[in-house]
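J.: Build me a model:
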Amino acid sequence: MEEDVKSAYETLGLPEEAAKEEVEKRYFILIRRARASQQREGGDPAEHETVDIDEVNRAYRLILDMEERKLSEAYNEKVYGKYRKMAGSAQKVDHFFSYYKFHLLGAIAVIALIIYGINAYIDHKHKQEELAKLPPANLEITFFGNYLSNDTFNPDLKPVEDKIVSQFPDWKRVIAHLTYVPAQIQTEQDTAFIQKSILDLITNKSDVYVLDKANFAKLAAQGALKPLGSGDTAALQPYAADKGLKATTEDDPAEKVYGIDITGSPLIKELQVRGTEYIAGIRADSTRTASAVQFIERYASAK
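T.: Down below sits the predicted model:
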């Protein structure tokens, strides 16, 4: 290989230490000379042979290839160090990741979403299977207002559910929710709690709402609660007269009882849901009105 390179420099009439700029300058001089000689009319044929274009081209390419090899080896030495022998493969990998990095990131994101979706589906299915094993709920109840349980906004309400079931021997299961509603909006977090409370009203189809007075007034005025003390809630008439809270709605301007004050009930204290006011009302479209009436009657009469 070294002999070939030495011969290439000799073909161009240059020493081996000649710079790249000299090689290119000499190459173009020889090419122009050869073409001019060939095109000159009446030129001496022997003169044509002084420069062999094919030999000059081969010599020039050989020298350029050698220069590129030197530059590549120097680069690989700098970038890959002792792994320079693997530089060719490394460069291909670098190029692949550089060119396709956004495609790869997008693919990874899609795969992550698919995995998340699969896990969420499996968790949901598992939860549904577990719920299917449980007995039907006798009552669904929401504490909606300035309430805390275990001093947290999102507590585990299993102890509350178990306690209510223990208070009603004929019941097998109760579903309980707690939606914290701040008394005043002072921070962005308070605003977020208000927005969440609206969502909870839509998603949690509870039979009984236990409310503070401020939220009772709002829900009653919106027609979210059932009038108490007549019809299928007639059993609550004595408590409606004694502990009832009245309100009007846009559809019905006549005052009616929509809530029963159970603040003083010892049963509500057993639940350990911290608050200062407890007004029990029944959701207007409740499907378990009989159980809801039983719950309020028991709590209102307990001493």
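J.: who's in contact with Arg173?
T.: Leu134, Pro135, Pro136, Ala137, Asn138, Glu161, Val165 (C-beta atoms under 8 Å, 6 or more residues apart in numbering). Yep, even glycine has a C-beta here, placed from its N, CA and C like the rest.
J.: so, if you compare the residues you listed, which one comes nearest to Leu12?
T.: Leu134 (92.1 Å; C-beta to C-beta).
J.: distance of the closest one from Arg173?
T.: Remark: distance between Leu134 and Arg173 (C-beta to C-beta, to the nearest Å) = 6 Å.
J.: related to what we said a few turns ago, using ChimeraX, make a named selection holding only the buried ones among the contacts of Arg173.
T.: Of the contacts of Arg173, the buried ones go into a single ChimeraX selection, burial set by 16 or more other C-beta atoms under 10 Å:
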select :137,138,161,165
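J.: In a markdown table: the contacts of Arg173, plus secondary structure and distance to Gln189.
T.: Below are the contacts of Arg173 laid out as a markdown table (DSSP: H, G, I helix; E, B strand; the rest coil; distance: C-beta to C-beta, whole Å):
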| residue | secondary structure | distance to Gln189 |
| --- | --- | --- |
| Leu134 | coil | 34 |
| Pro135 | coil | 38 |
| Pro136 | coil | 37 |
| Ala137 | coil | 31 |
| Asn138 | coil | 35 |
| Glu161 | helix | 27 |
| Val165 | helix | 33 |
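J.: mind checking the SS state of Ala254?
T.: What DSSP: H, G, I helix; E, B strand; the rest coil gives for Ala254 is coil.
J.: Check the gap between it and Ala214 for me.
T.: 22 Å.
J.: out of these two, which sits in the busier spot?
T.: Taking other C-beta atoms under 10 Å, Ala254 and Ala214 do not tie; Ala214 has more neighbours (14 against 8).
J.: tell me the secondary structure for that one?
T.: Going by three-state DSSP: Ala214 is helix.
J.: check contacts around it.
T.: Contacts for Ala214 (C-beta under 8 Å, 6+ apart) come out as Gly145, Asn146, Ala183.
J.: got the phi/psi numbers for the first one?
T.: Here is the backbone geometry of Gly145 (degrees, to the nearest 10): phi 160, psi -150.
J.: shaky segments in the stretch 51-200 of the chain?
T.: The stretch 51-200 of the chain contains residues with pLDDT under 70 at 75-104, 124, 127-128, 130-132, 151, 153.
J.: which stretches of it form helices?
T.: 53-80, 87-133, 158-167, 188-203 (DSSP state H, counting those that start in this stretch).
J.: can you list contacts of the third one?
T.: Pointing back at helix 158-167 there. 138-139, 141, 149, 171-176, 267, 270-273, 295, 298.
J.: Would you mind listing the buried residues in that helix?
T.: Buried, per 16+ other C-beta under 10 Å, within helix 158-167: Val160, Glu161, Lys163, Ile164, Val165, Gln167.
J.: Save those residues as TSV, and put in distance to Tyr258 too.
T.: Formatted as TSV, the buried residues of helix 158-167 follow (distance: C-beta to C-beta, whole Å):
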residue	distance to Tyr258
Val160	24
Glu161	25
Lys163	26
Ile164	22
Val165	26
Gln167	24
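J.: and which of those is nearest Lys226?
T.: Closest to Lys226, out of all of the buried residues of helix 158-167 and judged by C-beta to C-beta, is Ile164, at 20.0 Å.
J.: who touches Gly145 in this structure?
T.: Thr179, Tyr180, Val181, Val210, Leu211, Asp212, Ala214, Asn215, Gly275, Glu277 are the contacts of Gly145 under C-beta under 8 Å, 6+ apart.
J.: Mind doing that once more with 10 Å?
T.: The contact partners of Gly145, taken as C-beta atoms under 10 Å, 6 or more residues apart in numbering, are 178-183, 197, 209-216, 218-219, 273, 275-279.
J.: Among the residues you listed, name the ones in strands.
T.: Leu178, Thr179, Tyr180, Tyr209, Val210, Leu211, Val273, Ile279 (DSSP state E).
J.: so Lys256 bridges to which residues?
T.: Lys256 has these beta-bridge partners by DSSP bridges: Ala247.
J.: all numbers from here: first residue = 822
T.: Yep, numbering from 822; the last one is Lys1077 now.
J.: Distance of it relative to Ala1113?
T.: Counting by C-beta to C-beta, the separation of Lys1077 from Ala1113 is 17 Å.
J.: related to what we said a few turns ago, for the ones in strands among the contacts of Gly966, which two are the farthest from each other?
T.: For the ones in strands among the contacts of Gly966, the farthest-apart pair by C-beta to C-beta is Tyr1001 and Ile1100; their separation is 16.4 Å.
J.: With neighbour numbers in mind, choose between these two.
T.: Ile1100 (27 against 21).
J.: Quick check: bridge partners of the more buried one?
T.: Beta-bridge partners for Ile1100, by DSSP bridges, are Leu1032, Asp1082.
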